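Participant: Quick one, structure for this:
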Amino acid sequence: MSLERFIKFIKEGEPVAPGTPNRPLRQLDQNIQYLWDVIQAANLGSTVYAREVTVESTAELGMPVYWNSSTSSFDRAIAKMETDSTTGYIKTSDSSQVWGIVAEKHEATLADILLFGYAPVDISAATDSSGAVPAGTYYLSGTGVGKLVLQKPPVSVPVLRADGSGNVYVNPSFMDFLENHQHYKFDLTMLPAGDTTAPAEGAIHTITSADPTLTGWLPADDATFNGNAPANAKFGYNINVEPGLKNLYPPIPLESADVELLRPSIYDWHDSSVKLRERLAGQALSDLVVLDRNGIWWMSNCYDQVPWPTDYTTGNSLSYSPYDCPPDAVPAMLLYFTKVNFATDQSVVSSLTSVDTRLKIYCAGSTTAQAVGDLDIDLDLQFVTTENQPGYKVLKALDGETFTRGAIAEGVYAASSNVSLYAIDNDGVAVPSETVDGKTVYRGNVGITVSSSLTQDLGAQIVRLDGVTEEHSPVLYLGMPDGYATSYTVKFDVPADAAVGSNFKFRIRVLGRAAATLPPLAFSYNKSTRPSSGTPQINPVPDSALVSISDITTNTTTIATADSAVEFTQATGITVNPGDIIYIQVARDPTDAGDTYGGEVGIMQQTGVLS
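Facilitator: Numbers count the residues shown, from 1 in each chain. Below is the predicted model:
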């Protein structure tokens, strides 16, 4: 019975038969009965269903099903075992993981699955019962797909209990019946994890250039074993590079472990004239192999008594011809063990490893790294630091177990051109600025200088006139005639409260006494820095070591009318610091080929522009 979603009412012109008026009533009655069954099951809480899910078309009423992820449907289940290719562990297959039984079929591939609970379900198709289904516990069959059997099979997957009256109690479990104990088999590598050379007869075997990243055997005193080798052990198996074995070791109990060794002796020849020595083979040899909670140990390094072919030299092939040894004597070393799962396995810590190198896990009372047993946990606070991490919130204090966080100034930048910044470290050494999002940012001990205006005009102090005359008509100016070479030097003092790294530009206003193109004037400068308090410092004299200022030009402007003035400003500027003195020399040489100006050049004003 299912919910009928489309009610077929009587259509106009439809032939009326005895059942026609009752058709929609029957459908409505079916829906009411279906909904009543669902409501009863929900109210009683006795069942859990997966309604109208996709199933295998051959799944019949009462058959156990599992979820097949490859077909995205519930398929008929069957009890099977398979082998894990990595560990050799035998486990139950996916088809053994029963979800429930088919409770009702709506279509060939659509059904309701009873996942859990007590309900009337006919399971005769699943049990091949011809009459009433006998009471009892039913297990998933290992021979018939979708079948249930009363006899407990080797692969025991209980599915339901029947009461013999047509009712079943379904309670499948996903627990693997093999989980109480697990069997493992590992093929150990019969090679040294390093270099070896076949020794002379009677000599001992050694391993050089041991490499703990390789599979095989290492010297027992190798650092990878942390000193855990038993007394007199010669070699230890490198378990750490085999995750499948490492994650399952040690066996529980250790007595369950067994080693089978098939290793032909160097003396196994077909030549009967050579004495045959007994091959090292068979089960665990107590005088050669020791297994403990720390590893697998080989106790001999004597000639022809090592866990690799006696005549093996690193780099040689390990192929064997029939003449060298019998065909069935290819070296092999197998480790078998059973690991018992205790009732507490799901509620206790069986091993502990660190996913963070700062957390150290050691054997109790030592600094030997370990994952099982009595352990100590230590914290290594030698953290790695990362420089120049952006962000203005930092950890400021530790209150109990809580870090407190707050804001700091990450950097300082000038938002206005009349603000000058500079930074120094604790030793007074300048810290270079950084460019962040187009802003020049200073970090560290930041100094701030603010000018009252965006620029500051520095007054000139006349120091020396050379052939230059002081004139007063038509205005006051310094006259530079065209009859001979003239020059003068002017002095500017940079204020003590100026910003470090300020920019100084020389500005000059020129008066042309005649209407013509102004002559080229030569500009040059030198700078005297402020000495430290009480410390003598050599300073240049104003007329020596002059540096040419090439970015002021005065010969491209034509004076259209006599006694007209024009102003020029240095383009690039000179970097200055507080207390510096700047000397500017202005010169005119009428003998210069570029000087064709026949009148007097007057200097009305000169100013130092500081920004």
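Participant: same question for stretch 506-516, mean pLDDT?
Facilitator: For stretch 506-516, the mean per-residue pLDDT is 90.
Participant: So which residues of the stretch 1-150 of the chain form strands?
Facilitator: 47-54, 64-68, 73-76, 81-83, 90-92, 100-107, 110-120, 136-140, 148-149 (DSSP state E, counting those that start in this stretch).
Participant: now the fourth one, how far from the centre of its chain.
Facilitator: The reference is to strand 81-83. Counting by Cα atoms, centre = their mean, to the nearest Å, strand 81-83 is centred 36 Å from the centre of its parent chain.
Participant: returning to that earlier point: comparing the strands of the stretch 1-150 of the chain, which gets the lowest mean pLDDT score?
Facilitator: Mean pLDDT across these is lowest at strand 90-92; the value there is a mean of 72.
Participant: before we move on, the earlier item: what's the closest of the strands of the stretch 1-150 of the chain to residue 531?
Facilitator: Residue 531 lies closest to strand 90-92 among those, at 87.8 Å (Cβ to Cβ). In short, each C-beta sits where N, CA and C put it, glycine included.
Participant: ok, back up a step: I'd like the strands of the stretch 1-150 of the chain as JSON lines, with distance to residue 169 appended.
Facilitator: JSON lines is the format used below for the strands of the stretch 1-150 of the chain (distance: least, Cβ to Cβ, whole Å):
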{"stretch": "strand 47-54", "distance to residue 169": "10"}
{"stretch": "strand 64-68", "distance to residue 169": "14"}
{"stretch": "strand 73-76", "distance to residue 169": "20"}
{"stretch": "strand 81-83", "distance to residue 169": "27"}
{"stretch": "strand 90-92", "distance to residue 169": "22"}
{"stretch": "strand 100-107", "distance to residue 169": "11"}
{"stretch": "strand 110-120", "distance to residue 169": "5"}
{"stretch": "strand 136-140", "distance to residue 169": "10"}
{"stretch": "strand 148-149", "distance to residue 169": "13"}
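Participant: Reformat those as a markdown table; add distance to residue 356 and mean neighbour count.
Facilitator: Supplementary listing: the strands of the stretch 1-150 of the chain in a markdown table, determined by distance: least, Cβ to Cβ, whole Å; neighbours: other Cβ atoms under 10 Å:
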| stretch | distance to residue 356 | mean neighbour count |
| --- | --- | --- |
| strand 47-54 | 42 | 17 |
| strand 64-68 | 37 | 22 |
| strand 73-76 | 43 | 21 |
| strand 81-83 | 35 | 13 |
| strand 90-92 | 32 | 17 |
| strand 100-107 | 43 | 20 |
| strand 110-120 | 41 | 19 |
| strand 136-140 | 44 | 21 |
| strand 148-149 | 50 | 24 |
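Participant: of all those strands, which lies closest to residue 204?
Facilitator: Minimum separation from residue 204 across the strands of the stretch 1-150 of the chain (Cβ to Cβ) falls at strand 81-83, 39.6 Å.
Participant: Of all the strands of the stretch 1-150 of the chain, which one is nearest residue 493?
Facilitator: Among the strands of the stretch 1-150 of the chain, the nearest to residue 493 by Cβ to Cβ is strand 64-68 (91.3 Å).
Participant: Give me the angle between the closest one and strand 110-120.
Facilitator: Here the directions of strand 64-68 and strand 110-120 differ by 140 degrees (axes from the mean of the first three to the mean of the last three Cα atoms, to 10 degrees).
Participant: what's the neighbour count on residue 560?
Facilitator: Neighbour count of residue 560, defined by other Cβ atoms under 10 Å: 9.
Participant: Report the separation between the closest residue to it other than its chain neighbours and residue 227.
Facilitator: Nearest residue to residue 560, sequence neighbours excluded (Cβ to Cβ, 6 or more residues apart in numbering): residue 515, at 5.9 Å. Going from residue 515 to residue 227 by Cβ to Cβ, to the nearest Å gives 103 Å.
Participant: thought the residue nearest to residue 560 was touching residue 597?
Facilitator: No. Contact between residue 515 and residue 597 fails when scored by Cβ atoms under 8 Å: they sit 10.3 Å apart.
Participant: For residue 141, give its distance to residue 98.
Facilitator: From residue 141 across to residue 98, the span is 11 Å (Cβ to Cβ).
Participant: How much space separates the closest residue to residue 517 other than its chain neighbours from residue 211?
Facilitator: Once flanking residues are discounted, residue 517 sits nearest to residue 558: 4.8 Å by Cβ to Cβ, 6+ apart. Note on residue 558: its distance to residue 211, by Cβ to Cβ, is 87 Å.
Participant: Of these two, which one has the most company?
Facilitator: Of the pair residue 558 and residue 211, residue 211 is the one with more neighbours under other Cβ under 10 Å, namely 15 against 12.
Participant: how about the more buried one, what does it touch?
Facilitator: Residues in contact with residue 211 (Cβ atoms under 8 Å, 6 or more residues apart in numbering) are 193-194.
Participant: That one in helix, strand or coil?
Facilitator: Three-state assignment for residue 211 (DSSP: H, G, I helix; E, B strand; the rest coil): coil.
Participant: Quick check: pLDDT value at it.
Facilitator: 93.
Participant: any low-confidence regions in the stretch 251-400 of the chain?
Facilitator: Residues of the stretch 251-400 of the chain meeting the criterion pLDDT under 70: 263-286, 317-331, 338-350, 383-384.
Participant: typo on my end, the stretch 401-550 of the chain
Facilitator: Where the stretch 401-550 of the chain drops to pLDDT under 70, the residues are 451-454, 541-548, 550.
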